[in-house]
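Student: A structural model of the following input is requested.
(chains A and B)
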Amino acid sequence: MKSPTLFALLLTTSTCACTMSNNALGDNTANPQAPVPNFHAVQSTGYIVTARHASAIRHHYARYGIRLLRDLGAQHFEVQLDTDPGLLKLQEIAAETKGEITTIQVNQTYLSF
Amino acid sequence: MNSYFLRRSVLASTLCSLLLTSNLALAATAFQSEQGRQYANAEIIVKYKTNLSSSQRMQTAANYGAKAEENQNEHSDWGLHRLPPNVTVAQALKLYANDPNIASVQPNYVYQSTALPGPTPDPAYNQQWAVHNIGQPLSTGTSTTQGIAGADMRLEAAWNIQNDCSSVTVAVVDTGINYNASDLTANMWNGGATAPLHGWNFVGAGSNDPMDYNGHGTHVAGILGAVGGNGIGVTGVCWKASIMAVRVLDASGSGTTSTVVQGIDFAITHGAKIINLSLGGSGPFDPVFNDALNRAQAANVLVVVAAGNAASNNEVTPVWPCNFTHPNLICVAALDQNYNLASYSNWGSTSVDIAAPGSYIYSTSNGIEGQINAALTPAAGGWLGSSNHAAGWGYGLNGPGLTSSAPWAGIPYAANSDDRIYKTFNLSGVSVARLTLTAAVSVNTGDYFNANIRAVGGDPFVAGAAIFSSSNLNTGLVSVKSIAYDLTPNIGPACTIGFQLLTAPSSTGNYGVAMTALRIDTLTLDNNSYKIMSGTSMATPYAAGVAALVWAHNPRYTYTHVKNALTKGGRPLSVLTGLTSSGMAIDALGALTYIHPTQGVSVRVQ
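Tutor: Below you'll find the predicted structure:
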């Protein structure tokens, strides 16, 4: 069932993710783009929320647990949640705040070039 | 300033103002050369046999389809003729040689006063091809590379006009700067009591210390403003500068909207005139980032940004901030030593404004890099098993690597197990450490592959911090994954890294874990280190530095004036046509001598 050859194959293709449809080696399907669930560094980039006051964010998003709330100025706040319901759900909630929360976006990643 | 004139003939001096005022044309044409001498490719100098009137001179020129320069001295025997597009200098020399009104004719050679950094030459100056490209070979460590002489930014000529940018604060919003580097410390921004370490750090919890633990920002800073003529290392575009260190990218070179925007706002509110952003991302339009650039625009701050290193078209795949449309933004592509678009550089016919040298750039580094490759053998590699927990881990179970509980022999791992293994690394004296590991993982729901770290030695699962936790790989998925982790907070003589396979009482087992590579990259800060880097990140500070020269020379300019000087005073390169909005390469002399068209002037004829 669990072929020793498979491991050797993995070692020679150490940057790919391989999906097995069953335990037979011949059924392996290489899929480099396959996401690898739950294998990540312990951190979250979070969101940037534009709101009149920080209290509005605490009030409306408290149900998800606010891990971090940082004032960035210009009514922008960096927010990290304990439980992430996704951007769409957070936008839905923002739309129901009567303008207390105006926009929310992902805190995007930027890299040195 | 150790300034000197190379050569200056009577002819050159009489035409000096002409050359300078027609610099834009010169920049486009002076690349032709004859036996090593550069000359303008659409102009010749003639000596008349007799003193001809202005109209006669013009007629002489017109006979060849050329145009005599109108404002030359009528009492001089010499004159400048501008040739029609279809006549080369070589052809004109032959034609004019037989003209009865012409005593002699010659190319319009290029003479430039130049300045070299002084009083003490910088020892690595000759490695800086972007400053003066003489086709010098550069060693990259594994190979040697060289380019075409003359393919540079004409900085030596520009420095004779301006080399001190200290009146224009430039914020390097990046990974921070090693502000103690010998070649930078005198040129760091003075933040007073508010920012005594020359800037700010917005990474993590933030601090007033923008020290660079990556090296990228220090390299960028050296290109922009390594002290010129101090007898140390390299020469920056600005010999004297005011460089603000704003750390928004972490030790791995990564940041977020929130860190970058805070950095931009810090730069604006603390008086930066130019912001260098050698960074980017290809996510969706970022409104908060966009707003920050609006504030920079309102404050008359010029923002110089990198085009990206994906060798892709930014018109198709936007890269931010390059693709923002603010008028105070300049996006820069990278050139190689032959003044071709670098193979890795992004481009964009509307989004990318200009290009500058970016390949094989020698500049300041933040320190000395090292590497630890851990042997993944429990016996020889120094791996220890926690008491009562080590039985499952082994080596070479059907392949090299550190493997958990024998799964790859075809036996699923056991239920209700807690197998641990760890190793202690001596990282004393190291400033930064970064862990990269590769593992093959297959664990069920409810079972976990964990990695932990402990700064003071011992079992990291007794008292330590999580590097990662992995579970739910139970659907027949076997994953090979690399992960990077910043070890810096745990640096010390006994930094312990460990791995754990933790399985549920009812687990049916799976492949488990095999660690196939574990590497620790280290950095020890050093104030006299240099290295070669390539990228649009390197092109960006060349543009920002020239912008600082222009602004220092013209303190009343707005960002519009400075941007126009760079983009319109650049050197046209045919290889950039359609790839950038200007089709220009940064040209320091061209930018400094660019004359803005007069606007808003009305003349009343009486």
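
Student: how many neighbours does residue B:62 have?
Tutor: Residues lying near residue B:62 (other Cβ atoms under 10 Å in any protein chain shown) number 12. Yep, even glycine has a C-beta here, placed from its N, CA and C like the rest.

Student: from chain A, how far off is it?
Tutor: 52 Å (Cβ to the nearest Cβ, to the nearest Å).

Student: quick check: phi and psi at that residue.
Tutor: Taking degrees, to the nearest 10, you get phi -60, psi -30 for the backbone angles of residue B:62.

Student: how about the one 4 residues further on?
Tutor: With angles defined as degrees, to the nearest 10, residue B:66 sits at phi -90, psi 180.

Student: these two touch, right, it and residue B:80?
Tutor: No - contact criterion Cβ atoms under 8 Å: residue B:66 and residue B:80 do not qualify, at 9.7 Å.

Student: what about chain B, any weak spots by pLDDT?
Tutor: B:1-38, B:51, B:70-76, B:111-113, B:377-381, B:386-401, B:405-411, B:472-482, B:598-600, B:603 (pLDDT under 70).

Student: where do the strands sit along chain A?
Tutor: A:17-20, A:28-30, A:47-51, A:66-73, A:76-81, A:101-106, A:109-112 (DSSP state E).

Student: if we can go back for a sec, which neighbours do residue B:66 and residue B:80 share?
Tutor: residue B:44 (Cβ atoms under 8 Å, 6 or more residues apart in numbering or on different chains).

Student: give the bridge partners for residue B:485, please.
Tutor: residue B:435 (DSSP bridges).

Student: picking up where we left off before, the strands of chain A: which one's closest to residue B:272?
Tutor: For those, proximity to residue B:272 was assessed by Cβ to Cβ; strand A:66-73 is nearest, at 16.3 Å.

Student: can you tell me how far residue B:225 sits from residue B:546?
Tutor: 12 Å (Cβ to Cβ, to the nearest Å).

Student: between those two, which contacts overlap?
Tutor: residue B:237.

Student: where does chain A dip in pLDDT?
Tutor: Residues of chain A that meet the cut-off, pLDDT under 70, sit at A:1-45.

Student: same thing but at 50, please
Tutor: Counting by pLDDT under 50, the ranges of chain A that qualify are A:1-44.

Student: how about residue B:256: which residues does it bridge to?
Tutor: Residues in beta-bridge contact with residue B:256 (DSSP bridges): residue A:109.

Student: ok, it to residue B:233 distance?
Tutor: 33 Å.

Student: ok, now residue B:162?
Tutor: 22 Å.

Student: show me what counts as buried in the stretch of helix or strand residue B:41 belongs to.
Tutor: Per DSSP states H and E, residue B:41 falls inside strand B:37-48. Buried positions in strand B:37-48, judged by neighbour count with 16 or more other Cβ atoms under 10 Å in any protein chain shown: B:38-46, B:48.

Student: with stretch B:484-503 instead?
Tutor: B:485-488, B:490-492, B:495-503.

Student: closest to chain A out of the buried residues of strand B:37-48?
Tutor: residue B:38 (33.0 Å; Cβ to the nearest Cβ).

Student: centre-most residue in chain B?
Tutor: Central residue of chain B (Cα atoms, centre = their mean): residue B:538, 1.6 Å from the mean position.

Student: and residue B:291, that one's in a helix?
Tutor: Yes - the assignment for residue B:291 is a helix, going by DSSP: H, G, I helix; E, B strand; the rest coil.

Student: my guess is it meets residue A:74, correct?
Tutor: Yes - applying Cβ under 8 Å as the test, residue B:291 and residue A:74 come out as touching, 6.3 Å apart.

Student: out of these two, which sits in the more crowded spot?
Tutor: Higher neighbour count among residue B:291 and residue A:74: residue B:291, with 17 against 13, using other Cβ under 10 Å.
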